[in-house]
Structure formats: structure tokens, C-alpha cells
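S.K.: just the structure for this:
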Amino acid sequence: MRATAVPVFVVGSGTLFALGLFDLVRARESRYARALVAAGVLWSLSALALSSDPVLFSIGRASWWLVDLALVYLLLSYPSGRLLHRVDRVLFVAATSLVATLWLPTMLVVHHFPTPGVWSTCTSACQANAFDLGHANPALVRDLIVPLRELLTLALFAAVAVVLTRRMRTLGPLSRRMYSPIVVIAVFRVALLTTFFVLRRGTPESGLLPVVMWTYVLSLPALGLACLAGRLNRRLFVADALDRIARGLRTDTTAAHASAVLADALEDPSLHVLHSFADGSEAWVDESGKPVGLPQDGVQEVTEVVSGDWRVAVLHDPALSEDRALVQTAGSYAVSALENDRLSGKLRSSLEELRESRALGVAAEERERRKIERDLHDGAQQRLVALRVKLALAADQLEDRAPASAETIRALGADVDATIDELRSFVRGVYPSTLAQTGLRDALRVAARGAALPATVNADRLGRYPPEFEMAVYFSCSEALQNAAKHARGATAVAISAWADRELHFEVRDDGAGFDMEATPYGTGLTNLRDRLAALGGAMTIRSVAGRGTSIAGSIPLA
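M.R.: This is a model prediction of the structure:
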């Protein structure tokens, strides 16, 4: 028996004192920690029931009655160490009265304690009670008081278990996780005490009795471990809730989505989030944007969270107020997500306005190009053609009278022809007629035929697209062709590809020597090309590998 009792005593007392002293050092729930240490002292004194000295043995047996009283207090006062409810105070007074009237006074009138007892399974030739004044076991005590006090003790612990169970059901999810291990201990203690009393009266020689007795002895240290388990359970819930909130709140969240995420993470279906506007207004609006007032009926608690000009009000079950810090932190996540969504919306709006502005600029530029092309074609070019005809007529008229003058005029006509050819070439560069008439595919093929390097075009699947898109791709490819002719050392050919899916893509690739992209800045042509694509929401990429040529590619969103 002593071989079993020593490790039980070391583990049990170590658990109680370690938990209590740890909380006292950390100044955490110090009232409950002091009660836990005091209960540990009483529990340690109860181990004196193993002593062979009659006085120490009797003190040990009596101390256990006070252990039961301490256990009632610890169960009812968890976690604050205070008996906050009237029913708790009533039950503790009942427990104190029971110990004071039916347990402690019997020490003076019985010669032997009921056997087996705590810390010992002795059933015969057991230690006598050193405080007995009568040296006998009165029938009144044996047949009435002992059964009555055992029955009342069972009823008392059953009432404690019922009170704690009902209380746990009214608590929020956070406190339920703290209380659940304590409720398990309370219910288990009732079952254990019932089994112990029944076996001791019915079959004291049962081999099951020592197991029940040692489990009964360890019920107080088990309560200390239950307190620790409750705290760990609570921390796990907080960590899991915050993790689910952090994962669930997207950068584009809405008040309705924030309400759903917080309600799910905090296990409060009634929870929802109100928010104010960043203009200093005191008004609150719900998830749909409808103005609402804060509840005043007490059915829901309100936790406000402020971040700069942005405010939210988290309406939640009053049970969650037991851990206001958790609700505040959850609300802070919601504030950040909603504020990010607002700022992202402003950014998206600004970018869209910039894109539209750039697109309008590109469209205006293309309209101006077309106007210049029409003006040159219908104005200057036609006048030059008319001048060429007049010079030819004048040369014909002077042929007989002044052959030398006629030849000079014909030379001037040749100069006019050259000027007309240069003007036509310029007009094609301003706005190629093929692009306007038949589209990007044919315009790229015309550009390839006029390129300085042999060029192929793969654009069979292209259709028609907005004029500004076709112009951007055409001039990008033209610029890339000119770059290949000027800068692609050793290049013998150029391949042009263009295709469309959700974007209009192009790529111009040469087989030249390539270049060092980090050491070579963009020229004016490539910079203009990049800006032209960016104005339409597109992008440009350049890739160059030594010995493998250079690729200039880009894309423009079609939707």
C-alpha cells in the first residue's frame, strides 16, 4: 500500500502546488490559485492516514472531510475563486454545515472510522480513532448518521454537478471550453463517490475497491489538471477562431461577408457587423447599407472597434463579453478587411479612370492620325499630282521651241514624282490604309514585305478589333521590325506572330546575337511602344538570350 501511496502523493501534491504557485507568480486568478494551494495543503494532510501513529492517522482521516469541502468550493468558484451566484453560496454553506454537523463531530464518539477509507484499504485490525472519547461505535452513528451523511454528501455533489452543467450551457463558446473539463470532473466525482460508498458497504473485500479508492483520492489533483485543460482548450479555441477569421476575410470583403466569417469563427449565429462611414458621420449601417441604430434591449452586446476614421460595431451574444479582448481582436480584423476593401475600391476606380483617360488619349491620337492622312491625301498629294501634270504639259509645249527648257521642266517633274512617292510612304506610316480597310492581319503582312530583314507572319486566326487596339499592335510590330534591322547583330530573319483569346497578343522574334538586357536601357521607340500598350491596359515584355535572338511581345485585354 505504501509503495502505491508514495508516487500518488508526489504526483498529486506536485500537481496542486505547481498549478497554484504558477498562477500566484503570474498574478493570474490569484484568489482561485490561493484556494488551490490551500486545498493542496489539506490533501497533503489527508495522506497522514497512512501513518501508524493514531493521532496522525486520525488527523489524516479528518482532513479528507475538509478536502471534500475544498473541492466543493473549487468547483463552484471556478475560475475567479469567488462564489458569484446565490446558488453557489447556498451549496457551499450546505457543504460546510454537513461537514460541521455530521462529519467532524463523529470524531469524538466513534472508536473506528468507516473502513476501508481514503489512502487505505484496511478492513480489519485498523487504526483506532485517537480523538474518540467513548471508545465505542454507537449504533446511532453507525446505523443512522453515517448512511445519512453519505447520502447527503452524494446529493450535495450531484447538485454541484447539475449547477455547473446548467451554467456551462448558458455560457459562450469560449467559456464553455474552459468549463467543460470542470463539469466532467464534477460529474465523474458523483459517480466515483457513489461507487466508493456502495462498494464499502456491500463488498468491502472487492478487488475493485482499491482502484476506486485511489481514483477517489486523486480527484482533487484531477481538478487542478482540469483547470489546466480548460485553459488550453480556451487558448486553442482563440487561436483557431483568429486563424479562421484571418483566412476567411479577403481583401475584397464586404460587411455581410465579415459578419458571416466572424459568426462562424466565434460560434455565434446572431453576430453581425455594422459599420460607419469614413466622413466622421455617427450613423451606423448594416450589411446592406441600410441605416440602423445600436440595440438597447440587452439581447445583444455591442463591441465597437475604431481604426482611424473607420469604425465597426460587432453585435454579438452577451456570452462573448466574457472575453472582450477576443471580440475586439476579431473586430479589428473586420475593420482592416473593410478598410482594405474601401481603399482597394478607390484604387481600382482610379486605375479604371486612368485607363479610360489613356484610352481616350490613344483614340484621339488615332483620330488625329487619320485626319492628317486624309488631309495629306486629299490636299498636298492631289496638288502635287496636279502640279506634275501641268509640268508635263509645259514641257510638251516647249519641246519644239526650247528643248533645253523642256528637259529642265521634265527634271522638275521627276522631282515632283519623288516627292509624291515620299509623301505616299509617309501617309502609309501615319495610318496604313490596309489596316483600316482589311485589318491587322493584312497590315502586318504588308509591313513584313517592306521590312529590311526577311520576315514571316503567323496571324491567320485574327479577326477585327477596336481601331486603337489594331493600331497599337501594328505600330508595336513595326517598331520591333525596325529595331531588329538596326540592332540585331547577325540576324537573318524575323518572325511575327499575332493571336487573340481574352487578350490580343503579338510577338516579334529575331535570330540575332541578342543583348544584355540589364546593361541596355530602352530607347525612345521601345519606351513609346510600352506607353502605347499601357494606355490600353496592356503590357510589353522583352526577352533576349545571347546567341538565341531577341523577342518583343505584348498583349492588350479585350474585355
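
S.K.: center of this protein, which residue is that?
M.R.: Per C-alpha atoms, centre = their mean, the C-alpha nearest to the average position across the chain is that of A246, at 1.7 Å.

S.K.: that one and S332 touch, don't they?
M.R.: No. Using C-beta atoms under 8 Å, A246 is not in contact with S332; the gap is 10.9 Å. Quick note: C-beta positions are derived from backbone N, CA and C, even for glycine.

S.K.: one step back: need the per-residue pLDDT for the residue nearest to the centre of the chain.
M.R.: Looking at A246, its pLDDT stands at 84.

S.K.: and it, which helix or strand is it part of?
M.R.: helix 219-248 (DSSP states H and E).

S.K.: can you list residues touching both of A246 and S332?
M.R.: Counting by C-beta atoms under 8 Å, 6 or more residues apart in numbering, no residue touches both A246 and S332.

S.K.: re the thing from before, apart from its neighbours in sequence, what residue is nearest the residue nearest to the centre of the chain?
M.R.: Y333 (6.3 Å; C-beta to C-beta, 6 or more residues apart in numbering).

S.K.: tally of neighbours for that neighbour?
M.R.: Counted with other C-beta atoms under 10 Å, the neighbours of Y333 add up to 20.

S.K.: likewise A553?
M.R.: Quick note: A553 (other C-beta under 10 Å) scores 17 neighbours.

S.K.: show me what it is bridged to.
M.R.: Per DSSP bridges, residues listed as beta-bridge partners of A553: E507, T541.

S.K.: use 462 as the first number from now on
M.R.: Renumbered: residue one is now 462, and that last one reads A1014.

S.K.: quick one: it from R922, how far?
M.R.: Distance of A1014 to R922, given as C-beta to C-beta, to the nearest Å: 17 Å.

S.K.: also S749?
M.R.: S749 is 46 Å from R922, by C-beta to C-beta.

S.K.: secondary structure element holding Y677?
M.R.: helix 669-678.

S.K.: check which helices and strands that helix is in contact with.
M.R.: helix 463-486, helix 634-663 (3 or more C-beta pairs under 8 Å, 6 or more residues apart in numbering; DSSP states H and E).

S.K.: stretch 527-543: how far from the chain's middle?
M.R.: The chain centroid and the centroid of stretch 527-543 are separated by 39 Å, computed with C-alpha atoms, centre = their mean, to the nearest Å.

S.K.: report the buried residues of that stretch.
M.R.: Across stretch 527-543, burial judged by 16 or more other C-beta atoms under 10 Å covers 527-540, 542.

S.K.: so, low pLDDT: which residues of the stretch 862-1011 of the chain?
M.R.: 874, 876-893 (pLDDT under 70).

S.K.: change it to 80
M.R.: Under the criterion pLDDT under 80, the flagged ranges of the stretch 862-1011 of the chain are 862-895, 897, 977-987, 989, 993, 996, 1007-1008.

S.K.: phi and psi next, for the closest residue to G999 other than its chain neighbours.
M.R.: Excluding the flanking residues, the one nearest G999 by C-beta to C-beta, 6+ apart is I1017, at 3.7 Å. The phi/psi pair for I1017 (degrees, to the nearest 10) reads phi -130, psi 130.

S.K.: just checking, I1017 touches A996?
M.R.: No. With contacts counted by C-beta under 8 Å, I1017 stays clear of A996, the gap being 9.7 Å.

S.K.: circling back to that earlier point, any chance of the helices and strands packed on helix 669-678 in CSV, plus mean pLDDT, distance to I870 and mean neighbour count?
M.R.: Conversion of the helices and strands packed on helix 669-678 to CSV gives the following (pLDDT from 0 to 100; distance: least, C-beta to C-beta, whole Å; neighbours: other C-beta atoms under 10 Å):
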stretch, mean pLDDT, distance to I870, mean neighbour count
helix 463-486, 79, 114, 15
helix 634-663, 88, 103, 19
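
S.K.: with distance to L679 added, can I get those helices in TSV?
M.R.: Listed next are those as TSV, based on distance: least, C-beta to C-beta, whole Å:
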stretch	distance to L679
helix 463-486	6
helix 634-663	10
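
S.K.: N989 is nearest to which of those?
M.R.: Within these, the stretch nearest N989 is helix 634-663; the backing value is 61.7 Å (C-beta to C-beta).

S.K.: name the helices or strands packed onto the closest one?
M.R.: With contacts taken as 3+ C-beta pairs under 8 Å, 6+ apart, helix 634-663 sits against helix 515-538, helix 607-631, helix 669-678, helix 680-709.
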